[in-house]
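*Asks:* Turn this into a structure:
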Amino acid sequence: MHFCRMNRLNFPDFKLLIKSKENKKIIFDFIRKKWLLLTPEEWVRQNIISYLIEIKKYPKTRLQIERSLTINGKLKRYDILTRDKDFNIDVLVECKSPTTKISKAAFDQIAQYNLALSSKYLMVSNGIKHYFCQMDYEKKMYVFIPELPNYKSKQK
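*Replies:* Presented below is the predicted three-dimensional model:
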């Protein structure tokens with residue numbers, strides 16, 4: 001077991017636990033408390049989890065990772081969801097591989113998920129580029145913002 005860096009992402013250097021198993025790299029997800037195959041998308045997801053906890057100060061207990069939801073009778077799976085102090089859905093995150101360009105399709109995907117979830121904020125990231133939005137439910141649109149607010153600053 002060791003700490004290691006994969007492809008450089010646009011995040012601080014988080015210490016993530018990585019090891020080899022059967023000639024494949026695996027990474028420890030400390031929210032789900034299990035080892036996962038280290039795919040490019042998982043690398044982004046684990047960095048975003050660290051970003052939310054270490055930089056944005058979300059308590060680990062307020063994060064949900066890769067959970068299922070049903071939309072129009074189809075089973076879907078979101079990447080990351082956070083909850084505020086009242087356990088309302090706060091941030092919905094869509095993770096893409098670093099080689100995937102963030103397109104309108106990624107925003108359509110997260111917007112579709114958000115119809116069922118009603119998050120206050122959205123984040124779409126490939127680890128290199130990050131997009132943050134605040135929902136305006138009165139106008140039925142999202143507004144781009146420079147970054148997510150810190151957990152503590154929203155809890156007043």
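
*Asks:* Give me the buried positions along stretch 83-102.
*Replies:* Arg83, Ile89, Asp90, Val91, Leu92, Val93, Glu94, Cys95, Lys96, Pro98, Thr100, Ile102 (16 or more other Cβ atoms under 10 Å). C-beta here means a position set from N, CA and C on the backbone, and glycine is covered the same way.

*Asks:* Take the residues you listed and keep only those in strands.
*Replies:* Among the buried residues of stretch 83-102, the members falling in strands (DSSP state E) are Arg83, Ile89, Asp90, Val91, Leu92, Val93, Glu94, Cys95.

*Asks:* List the beta-bridge partners for the fourth one.
*Replies:* Val91 has the following beta-bridge partners by DSSP bridges: Thr82, Tyr121.

*Asks:* any idea how far Asp84 is from it?
*Replies:* Spatial separation of Val91 from Asp84 under the definition Cβ to Cβ, to the nearest Å is 9 Å.

*Asks:* Quick check: neighbours shared by these two?
*Replies:* Common contacts of Val91 and Asp84 (Cβ atoms under 8 Å, 6 or more residues apart in numbering): Lys120.

*Asks:* The ones in strands among the buried residues of stretch 83-102 into TSV, with extra columns for pLDDT?
*Replies:* Output for those, formatted as TSV (pLDDT from 0 to 100):
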residue	pLDDT
Arg83	96
Ile89	96
Asp90	96
Val91	97
Leu92	98
Val93	98
Glu94	97
Cys95	97
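
*Asks:* Give me the below-cutoff pLDDT ranges for this structure.
*Replies:* For the chain, the stretches with pLDDT under 70 are 1-6, 153-156.

*Asks:* What ranges does it have for its strands?
*Replies:* Going by DSSP E, the chain shows strands at 2-3, 17-21, 24-29, 34-37, 63-71, 74-83, 89-95, 121-125, 130-136, 141-145.

*Asks:* could you dump those strands to a markdown table with distance to Tyr113?
*Replies:* As requested, these are arranged in a markdown table below (distance: least, Cβ to Cβ, whole Å):
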| stretch | distance to Tyr113 |
| --- | --- |
| strand 2-3 | 32 |
| strand 17-21 | 29 |
| strand 24-29 | 20 |
| strand 34-37 | 21 |
| strand 63-71 | 7 |
| strand 74-83 | 5 |
| strand 89-95 | 6 |
| strand 121-125 | 9 |
| strand 130-136 | 12 |
| strand 141-145 | 13 |
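
*Asks:* Understood, closing this out.
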